[in-house]
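> Sharing a model prediction with you, sequence too.
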Amino acid sequence: MMSTKAFTLVSAVEWELLAGDKERVHIECVECCGKNLYVGTGDCVVYHFLLEERALPTGTATFSATKQLHRHLGFRKPVSELRAASALNRLLVLCDNSITLLNMMSLEPVPSGARIKGAVALALNENPVSGDPFCVEVCIISVKRRTIQLFLVYEDRVQIVREVSTPEQPLAVAVDGHFLCLALTTQYIILNYNTGFSQDLFPYCSEEKRPIVKRIGRQEFLLAGPGGLGMFATVAGISQRAPVHWSENVIGAAICFPYVIALDDEFITVHSMLDQQQKQTLPFKEGHILQDFEGRVIVATSKGVYILVPLPLEKQIQDLLASHRVEEALVLAKGARRNIPKEKFQVMYRRILQQAGFIQFAQLQFLEAKELFRSGQLDVRELISLYPFLLPTSSSFTRSHPPLHEYADLNQLTQGDQEKMAKCKRFLMSYLNEVRSTEVANGYKEDIDTALLKLYAEADHDSLLDLLVTENSCLLTDSAAWLEKHKKYFALGLLYHYNNQDAAAVQLWVNIVNGDIHDSTRSDLYEYVVDFLTYSLDQELVWKYADWVLQKSEEVGVQVFTKRPLDEQQNSFNPDSIITCLKKYPKALVKYLEHLVIDRRLQKEEYHTHLALLYLDKVLQERSGANSKGVEATETQVKLQHLLQKSDLYRVHILIVPSDGTSVWERPCQLALPPAAHSGCVRLRALSRRKVGRYLGREPGFHSLGCTAHGFCVVESATEQHSAHAWYN
C-alpha cells in the first residue's frame with residue numbers, strides 16, 4: 001500500500017499549559033468553535049483557550065494556544081462532554097448527568113440556572129426542524145431506561161419537546177432532522193421520532209467494542225460495524241458508499257472531507273471516502289479522543305491536545321501525480337469540487353487532467369492519455385512541443401509554467417528507445433488528425449497541420465497526400481523544407497499547388513518524370529501531370545508544358561486539349577492555335593481533329609477536310625506496305641468511311657493535286673468518294689461516273705473511268721494515270 005501525506009500532526013495544548021502547578025490533570029473531552037478551544041478535565045474543570053494558527057510555506061500550519069480562563073463546575077465528577085452553540089453564545093457542559101449552560105466567553109452559568117438533568121450523552125441536531133433561529137435542538141440519552149429525549153435550548157432556558165422509547169437501551173446517538181441514528185445494545189437502527197418508524201441497520205455486540213455513531217453529512221451517518229468495518233448508512237437504511245477497513249479496536253472517528261479518520265490505541269488511520277483506500281497512518285499512542293469541528297480535526301490524549309492539519313488538497317494531488325498515482329489523484333481532485341469555488345476548481349481540475357494525461361502518455365497508455373487531454377482541454381502545442389522540430393519555426397508558443405510534465409522532449413521521455421518513439425509518433429498522428437477539425441485546433445491550425453505533415457512525411461504515411469489535397473493550414477516554408485528533406489517531391493508539388501504556385505509544382509513533377517529527382521509515390525505521374533494541366537486555368541502554364549507532354553506520348557499528351565472543360569475550350573483555347581502546335585505531332589493532331597469534328601461537332605469545313613486528308617494519308621501508307629489483294633478494311637479505313645458518310649463539309653477537290661510522290665498532299669489524283677449503295681463494280685462504276693463527272697468533268701485531260709477489283713475507281717488522263725478511291729460495304 002502506497003501512503004499519502006494528507007495530514008500532519010501538530011501540538012495545540014501541551015500538558016504544562018493545561019496543568020500549571022497541578023500535579024495531575026486528565027483531559028476527558030474537547031470542543032472547538034472557531035478560534036475558541038475548550039477542554040474538560042477529570043477534576044470537573046472547563047478550560048478556555050484561544051487558538052492562533054500560523055501557515056507555513058510547506059502548506060501546513062502550526063498552532064499556539066493562549067489560556068483565557070477556566071472554571072470549576074462544582075461537582076466531583078469528570079466533565080463528560082462539551083458542545084458549543086455559537087448562535088446563542090452558550091457552551092453546553094455535560095457533567096454528573098446534568099447539562100449546564102455556560103457563557104462561551106466568561107464561562108459563567110446562565111443567570112436563570114437553566115439545565116437539563118438526567119442526561120447520559122448528548123448530540124446537537126445540525127439539521128434542525130424547529131425553524132427557530134434563537135434556539136438549538138439537543139438530543140440526549142436519558143438516565144431513564146430505553147429513553148431518548150429532545151429539547152429546545154435557548155439562551156437562558158430549556159424546553160423538552162419529545163420523549164421517545166427505544167427497543168433496547170441506547171448507548172450512542174446522532175441526529176439529523178427527524179431521524180435518530182442509535183447504537184443499541186445489540187444493533188444499530190434508524191428511528192424517525194416524528195413518525196415512530198424504525199429501520200434496523202446491522203447487528204453488533206456492545207460488550208466487545210465501543211459503538212461509534214457519527215453524522216457525516218445530510219441524512220448520512222458513519223458507524224463502527226462488525227469485522228473492523230467503518231460502515232456508512234443513510235436515513236433510508238442503505239449504504240451509498242463502500243465501507244472502509246478499520247482495526248478491530250477503533251475508539252473514535254472523524255470526518256475531514258474527503259477523508260475518514262479513525263483512532264485506535266496505537267495509530268491514527270486515514271481512509272478516503274472516495275475510493276475507500278487507506279491513505280495514511282500516523283503513530284499515536286494513548287489517544288482516547290478524536291473529533292472534528294467544522295473541518296478541524298482534534299485528537300487528544302489524557303495530557304495533551306493535538307490538531308491534524310490537512311495539507312492543501314492541491315498539494316496532495318500534486319504529490320500523487322508526482323508518484324504517478326493518476327487514478328487516486330483524479331478521484332481526489334473530483335472530490336475536492338465541493339470545497340473549492342467553481343471557477344478556481346475548473347482551472348485547477350483542467351490542469352490536473354492535463355498533467356495526468358502526460359503521465360499516462362509517458363507510460364504509453366495512449367487511450368487514457370487522449371481522453372485526459374481532451375477532458376483537460378489541453379493546448380495541443382504542449383504535446384507537439386515534446387517532439388523536436390515539429391512546431392513551425394515561426395510559432396510563438398511557450399510551455400505552461402509551472403510545467404505540466406518533467407520531460408524536455410521525446411528523446412528524454414523514451415530514453416532513446418526507437419520503438420517507443422515510433423509509438424509516440426503514431427499516437428500524435430492519430431490525435432492531431434482527430435482534433436484538427438475540432439474546437440481544440442482553434443487558433444493553432446497552422447501549428448497542428450504543419451506538425452501533422454512532418455509526421456506523415458517522416459513516416460512515409462499514406463495520409464500525407466490526403467492532407468495536402470484537402471483544406472489545410474500547413475505553413476509553406478517549414479513544410480516545403482521538411483518534404484524536401486524527406487524526398488517527398490510529389491507531395492511538395494501538392495503543397496505548392498495548394499499555395500497557388502502551380503508552375504513550381506508542375507516543374508517539380510516534370511523533374512520526377514524525367515528522372516532528374518527520384519520519388520516513387522506515383523507510378524502514373526506523367527498521366528497525373530497531363531490531367532493536372534488539363535484542368536489548369538493557367539493557359540501560359542499549359543502552353544509551356546504542351547510540348548513536353550506531347551513528346552512523352554502524343555495520344556495521352558493531347559488530352560490537355562481534348563479533355564478540357566467545354567466552357568474553357570470555347571472561351572480560352574483557340575483550336576487553330578492548337579492545330580498549329582500539333583503539326584509536329586501527327587497522332588495528336590488526328591486525335592484533336594477527331595475531338596473537334598466528332599466530339600464537339602464543329603461545323604467547320606477545314607477541320608473536316610483536314611481530318612479526311614489525314615485519314616486518307618494513313619490509309620495509303622497502310623496499303624502501300626501491304627499486299628493489295630484481299631486486304632481487310634483497317635480501323636482508319638472505317639473511320640474515313642464513317643466520316644465520308646456523315647459529313648458533307650469536306651472538299652473533295654482539295655484532295656486532288658499534282659504529285660511528285662512525297663506526301664499525301666502530293667500523291668497522283670487521290671480522291672475519296674462515298675461508297676455505292678450496293679456492292680459490285682458495275683453499280684459503283686455508274687455511281688462513280690456521276691460523282692467524278694460532277695467534280696472532274698471540267699478538268700482537262702481525263703478521258704476514261706474504270707473500277708478495279710479492290711473497290712476503287714481509276715480515272716485516266718492523256719498524260720498520266722490518276723486514282724480515286726471509294727470503299728463500299
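Done, it's in.

> Let me see the ranges of the strands in the stretch 451-600 of the chain.
Along the stretch 451-600 of the chain, no stretch is classed among the strands by DSSP state E, counting those that start in this stretch.

> so where's it shaky on pLDDT?
The stretch 451-600 of the chain contains residues with pLDDT under 70 at 569-570.

> Which stretches in it count as helices?
For the stretch 451-600 of the chain, helices defined by DSSP state H, counting those that start in this stretch occupy the ranges 463-469, 476-485, 489-498, 502-514, 525-534, 539-552, 554-557, 559-562, 566-571, 575-582, 586-594.

> need these in JSON lines with distance to residue 327, can you?
Where C-beta positions appear, they are placed from N, C-alpha and C, glycine not excepted. Listed next are those as JSON lines, based on distance: least, C-beta to C-beta, whole Å:
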{"stretch": "helix 463-469", "distance to residue 327": "34"}
{"stretch": "helix 476-485", "distance to residue 327": "39"}
{"stretch": "helix 489-498", "distance to residue 327": "43"}
{"stretch": "helix 502-514", "distance to residue 327": "51"}
{"stretch": "helix 525-534", "distance to residue 327": "52"}
{"stretch": "helix 539-552", "distance to residue 327": "60"}
{"stretch": "helix 554-557", "distance to residue 327": "63"}
{"stretch": "helix 559-562", "distance to residue 327": "63"}
{"stretch": "helix 566-571", "distance to residue 327": "63"}
{"stretch": "helix 575-582", "distance to residue 327": "72"}
{"stretch": "helix 586-594", "distance to residue 327": "70"}
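
> Let me have those in TSV, extended by mean neighbour count.
Putting those into TSV (neighbours: other C-beta atoms under 10 Å) gives the following:
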stretch	mean neighbour count
helix 463-469	18
helix 476-485	18
helix 489-498	23
helix 502-514	18
helix 525-534	20
helix 539-552	17
helix 554-557	18
helix 559-562	22
helix 566-571	11
helix 575-582	16
helix 586-594	20
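
> With respect to residue 59, which of the ones you listed lies nearest?
With respect to residue 59, and counting by C-beta to C-beta, the nearest of the helices of the stretch 451-600 of the chain is helix 476-485 at 44.2 Å.

> List the contacts of the closest one.
392-394, 450, 453-454, 457, 489, 491-492, 495-496, 499 (C-beta atoms under 8 Å, 6 or more residues apart in numbering).

> Can you name the two of those that sit furthest apart?
Across these, the longest distance by C-beta to C-beta is 23.7 Å; it joins 394 and 489.

> ok so, going back, could you export the contacts of helix 476-485 to a markdown table, including columns for distance to residue 533?
Below are these laid out as a markdown table (distance: C-beta to C-beta, whole Å):
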| residue | distance to residue 533 |
| --- | --- |
| 392 | 32 |
| 393 | 34 |
| 394 | 33 |
| 450 | 29 |
| 453 | 25 |
| 454 | 30 |
| 457 | 26 |
| 489 | 18 |
| 491 | 19 |
| 492 | 18 |
| 495 | 18 |
| 496 | 15 |
| 499 | 18 |
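
> from the middle of its chain, how far away would stretch 398-409 be?
Distance, stretch centre to chain centre, for stretch 398-409: 20 Å (C-alpha atoms, centre = their mean, to the nearest Å).

> quick one, phi psi at residue 419?
Phi and psi for residue 419, reported as degrees, to the nearest 10, are phi -70, psi -40.

> Tell me how far it lies from residue 364.
Distance of residue 419 to residue 364, computed by C-beta to C-beta, to the nearest Å: 10 Å.

> Could you do residue 245 as well?
Counting by C-beta to C-beta - residue 245 and residue 364 are separated by 33 Å.

> Check residue 154 too.
Counting by C-beta to C-beta - residue 154 and residue 364 are separated by 66 Å.

> can you pull the contacts of residue 530?
Residue 530 neighbours (C-beta under 8 Å, 6+ apart): 549, 556, 557, 559, 560.

> Check whether the first one really touches residue 527, as I assumed.
No. Residue 549 sits out of contact with residue 527 when judged by C-beta atoms under 8 Å, with a separation of 9.7 Å.
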